[in-house]
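[1] here is the input, now give the coordinates:
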Amino acid sequence: MAATMAARLDFVFGRVWPRPGLSRRDRRFVTLACVCAADGVDEINDHVYAALASGDISAEEMLEFVLHFAVYCGWPKGAQAEVAVRTQAARLAAERGEDVAAGRPLLESATLGPTDHDARLAEGERCFGEINLVSPPQRDSPYFQAGILAFVFGHLWQRPNLGRRERRLTTIACVGVSDALGPIYSHVGSALESGDISADEMNEIILQFSAYSGFPKGRVLQQAADAANVRISLSRKG
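    Numbering: from 1, shown residues only. Modelled structure (predicted):
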C-alpha cells in the first residue's frame, strides 16, 4: 500500500497534474468523470470536495456535470455522483460557517426547455449535427427520437451552467470508460475536427484519463485521436 501511494503521488500528482497544455479546471472534469465511473466512493468524495473547495468548479457547474455524466455513464452512477456533490457541498458550507439547512431552491419548469415536441426534435437534429459533424439519425426508434434527438441533443447539450468545452471533456472521459468504440471514435473525432479541442489538448486529456482509468483504455482513445488527426491533415491538404 505504501509503495502504491508513493507511486501515485509521484506520477499522478507530481507529473501529470502539473503538466502544461491543459488547465487544472479541465483536468478536474476529466478526473471527475473517471472516478465517478469507477464507483470509488472515497475517491469521488475527495475529488468533488477538492473541485468545490478550490473554486475550480462551482456548485452549479458540478450539479450540471452530474446530469451530463449520468446520461453518458448511466443513471445509477449519476445518483452516486449526485449524493457526493450534495454531501461535499454541505461539508464545505459547514466548514465555512454557512447555513447548511437552507437547502437549494426548486428549479423552474422553464429550465427543462421547450415543450413543443417538433421544435425540440428539430433543435436536437441541428445540435446533433453541430456537435458530431455528421447528419442526425432518423426519428425511427425510441432511442433516436426520444433519447438522442429530444433529450441528449435537444436539451442536455444546450443546457446552461456548462459550456461545450466542459461537456466535451466530460463526454470524452465517459465514452472512454464505456469501451464503446463507436461513441469513442465519434466524440474524440468531432472534438478535434470541430476545433473545440486541439491535438495537443487531446493528448493531455488522454494522459489525465489514463492516469485514472488505465492506460489500456487510454490507448483506445489515442487510437481514435490519431485516426481523427490523419483525417484532419488529409482534408487540409486536399
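
[2] tell me the pLDDT of R91.
    With respect to pLDDT, R91 scores 96.

[3] buried set for whichever strand or helix holds it?
    Take DSSP states H and E as the rule and R91 turns out to sit in helix 75-95. Neighbour-count burial for helix 75-95 flags 77-78, 80-82, 84-86, 88-89, 91-93 (criterion: 16 or more other CB atoms under 10 Å). (Each C-beta comes from the backbone N, C-alpha and C, glycine too.)

[4] after that helix comes which helix or strand?
    Next element after helix 75-95 (DSSP H and E): helix 117-132.

[5] and the helix holding R91, what does it pack against?
    Applying 3 or more CB pairs under 8 Å, 6 or more residues apart in numbering; DSSP states H and E, one finds that helix 75-95 contacts helix 24-38, helix 41-54, helix 59-73.

[6] mind checking the pLDDT average for the shortest one?
    Helix 41-54 shows an average pLDDT of 98 in the prediction.

[7] got the angle for it vs helix 59-73?
    Calculated by axes from the mean of the first three to the mean of the last three CA atoms, to 10 degrees, helix 41-54 forms an angle of 150 degrees with helix 59-73.

[8] and this protein, what are its domains?
    Domains of the chain are assigned by automatic domain parsing as 2-96+160-237, 114-159.

[9] any idea which element the residue nearest to the spatial centre of the chain lies in?
    Central residue of the chain (CA atoms, centre = their mean): T170, 1.1 Å from the mean position. Assigned by DSSP H and E, T170 belongs to helix 164-178.

[10] C-alpha coordinates for the lowest-mean-pLDDT helix or strand in the chain, PDB please?
    Here the helix or strand of the chain ranked lowest by mean pLDDT, DSSP states H and E is helix 2-8, holding a mean of 74. Provided in PDB are the C-alpha atoms of helix 2-8 (Å, rounded to 0.1, in the frame of the first residue of the first chain):
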ATOM      1  CA  ALA A   2       2.800   2.400   0.900                       C
ATOM      2  CA  ALA A   3       4.500   1.700  -2.500                       C
ATOM      3  CA  THR A   4       1.300   2.300  -4.300                       C
ATOM      4  CA  MET A   5       0.600   5.600  -2.600                       C
ATOM      5  CA  ALA A   6       4.200   6.800  -3.200                       C
ATOM      6  CA  ALA A   7       3.900   5.900  -6.900                       C
ATOM      7  CA  ARG A   8       0.600   7.600  -7.100                       C
END
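
[11] quick one: it to chain centroid distance?
    Here helix 2-8 is found 28 Å from its chain centre; the criterion is CA atoms, centre = their mean, to the nearest Å.

[12] determine the longest helix present in the protein.
    Assignment by DSSP state H gives helix 215-237 as the longest helix of the chain.
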